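Participant: I would like to see how this sequence folds:
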Amino acid sequence: MKISYLSLGLLSLLTPLTAAWSKEDREIFRIRDEISAHEPNPAATFYDILGVPPSASFDDINRAHRKKTMALHPDKVAQRLRAERLKNAGGKGKKSAIKPPSSAEVKAAVKQASERQTRLTLIANILKGPSRDRYDHFLANGFPLWKGTDYYYNRYRPGLGTVMVGLFIVGGGAIHYLILYMSWKRQREFVERYVKFARDTAWGGNLGIANIEPRSSTPATASDEEAPPPLPQNRKERRMQEKEAKKEGGRGRAKKVTKKTSSASRDASSGPTGVRKRVVAENGKVLVVDSLGDVYLEEQDEEGNVNEYLLDPNELLQPTFRDTAVVRLPMHIFNLTVGRFTGNRDAIPDSQIVEAEEVVDASQQTPSSESAGDDFELLDKSTDSLGKAKSSGMERSGKSSKRKNKKR
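Facilitator: Predicted structure coming up:
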């Protein structure tokens, strides 16, 4: 652990050094700042100061530097200062009457020329050495500015509005979709776990029982569909035939509907078929498993009617980007503002109308409390909470009829 802490400490100390400017870079920045402060043209480049093009060779830079240096000699500076005095006087009067420059003025001019000569030498050395590539890089991409402690580039700083929009897109888009996806995945795993538990408990995991053929994957032939049903031998078979007739009638109505997607998982289903077995889950819910392996959740409403709902993990729709706040919130605001005047806010899509028709058809096929009295087997788990489950559908129908009599 001590070695790792030492490595992290050294890395944190050496990282700023690797990201800092080199000595040559700082020299270039300093000379450029002096040019901006003292030269007549603050935007002049090193090539402009020497009077050479950017493609100048080594010899061209030497000749230009020698010429500029000779012009900045102290004697040349004093002579230039006197010539400027005569030029400003316009040649009027005698030369003896013109006041020569004072020694202080000459010293100031010589000092300024000396500083400029020093800059010329540094500029010539940079352009003649390996630092020229570095200077050309800064000349093409821009120079950093002094920010009090070091040289920094001017970075883009977003405002409050940009930050809020970015947070809304990230939080309401990516993060919200991740939350929706994780919730959908958890619900799907929950339903799959209970379906597997019910099937394994009811049929031992093989989903096959004696004297019952499994569901055929191929469609039935025309001869099988047109064959008349056998005559009922007792009351139970008559009720089963009536139930099958209702199912066939419901399927005929469903063929007229163009909707291909299944209804919600809480819609009442047509009920289990064939031999059924009841399983009490760990949370006390009663699950019904038929011979085809379909699992139904059995619940009783306030009126005492027993309904069975198919548990199908495929009915849990996977969330899309349209379900996130990035899409839903602008649509909600649009419906509250502009949508109130367009008249499309209360319009019901055709898909919802078709889905409502399917729900009505399914509710008509829902087994009532009278059909709950059919024989089935209750599988009880060896826990204390599972012993409270009801053992037959006849007891449910009796209690529901008692509640109805009380309401009357």
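Participant: what's near enough to touch residue 74?
Facilitator: By CB atoms under 8 Å, 6 or more residues apart in numbering, residue 74 lies in contact with 110, 113, 114. C-beta: built from backbone N, CA, C; applies to glycine.
Participant: Skipping adjacent residues, who's closest to the first one in space?
Facilitator: Here the nearest residue to residue 110 in space, its sequence neighbours aside, is residue 74; by CB to CB, 6 or more residues apart in numbering that works out to 4.8 Å.
Participant: ok so, going back, so which of the contacts of residue 74 belong to helices?
Facilitator: 110, 113, 114 (DSSP state H).
Participant: Would you mind listing which of the contacts of residue 74 are buried?
Facilitator: The neighbour-count criterion (16 or more other CB atoms under 10 Å) marks 110, 113 among the contacts of residue 74 as buried.
Participant: which one among the contacts of residue 74 gets closest to residue 153?
Facilitator: Compare each of those with residue 153 using CB to CB and the shortest gap goes to residue 114, at 33.4 Å.
Participant: coming back round to it: need the ones in helices among the contacts of residue 74 in a markdown table (columns: distance to residue 326 and pLDDT).
Facilitator: As requested, the ones in helices among the contacts of residue 74 are arranged in a markdown table below (distance: CB to CB, whole Å; pLDDT from 0 to 100):
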| residue | distance to residue 326 | pLDDT |
| --- | --- | --- |
| 110 | 70 | 84 |
| 113 | 66 | 85 |
| 114 | 66 | 87 |
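Participant: For the contacts of residue 74, could you give me a markdown table that also reports distance to residue 42?
Facilitator: Listed next are the contacts of residue 74 as a markdown table, based on distance: CB to CB, whole Å:
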| residue | distance to residue 42 |
| --- | --- |
| 110 | 23 |
| 113 | 19 |
| 114 | 21 |
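Participant: what are the ranges of the helices in the stretch 151-300 of the chain?
Facilitator: Shown for the stretch 151-300 of the chain, the helices assigned by DSSP state H, counting those that start in this stretch span residues 160-169, 176-203, 222-226, 235-254.
Participant: List the buried residues in the longest one.
Facilitator: Which is helix 176-203. Going by neighbour count (16+ other CB under 10 Å), the buried part of helix 176-203 is 176, 177, 180, 191, 194, 195, 197, 198, 199, 201, 202, 203.
Participant: The residue nearest to the second one when sequence neighbours are not counted: how many residues sit nearby?
Facilitator: Counting by CB to CB, 6+ apart, the nearest residue to residue 177 once its immediate chain neighbours are dropped is residue 324, at 5.0 Å. Close neighbours of residue 324, defined as other CB atoms under 10 Å, add up to 21.
Participant: what pLDDT does residue 324 get?
Facilitator: Looking at residue 324, its pLDDT stands at 93.
Participant: Over to it: give its phi and psi.
Facilitator: phi -80, psi 170 (degrees, to the nearest 10).
Participant: okay but it is in contact with residue 180, surely?
Facilitator: Yes. Between residue 324 and residue 180 a contact is recorded at 7.1 Å, counting by CB atoms under 8 Å.
Participant: which residues do those two both contact?
Facilitator: Between them, residue 324 and residue 180 share no neighbouring residue, with contact defined by CB under 8 Å, 6+ apart.
Participant: and residue 331, how many neighbours?
Facilitator: When neighbours are counted by other CB under 10 Å, residue 331 registers 11.
Participant: how close does it sit to residue 45?
Facilitator: Here the criterion is CB to CB, to the nearest Å. By it, residue 331 lies 56 Å from residue 45.
Participant: Residue 314 too?
Facilitator: Computed as CB to CB, the residue 314 to residue 45 distance reads 70 Å.
Participant: how close does residue 134 sit to residue 160?
Facilitator: Taking CB to CB as the criterion, residue 134 is separated from residue 160 by 38 Å.
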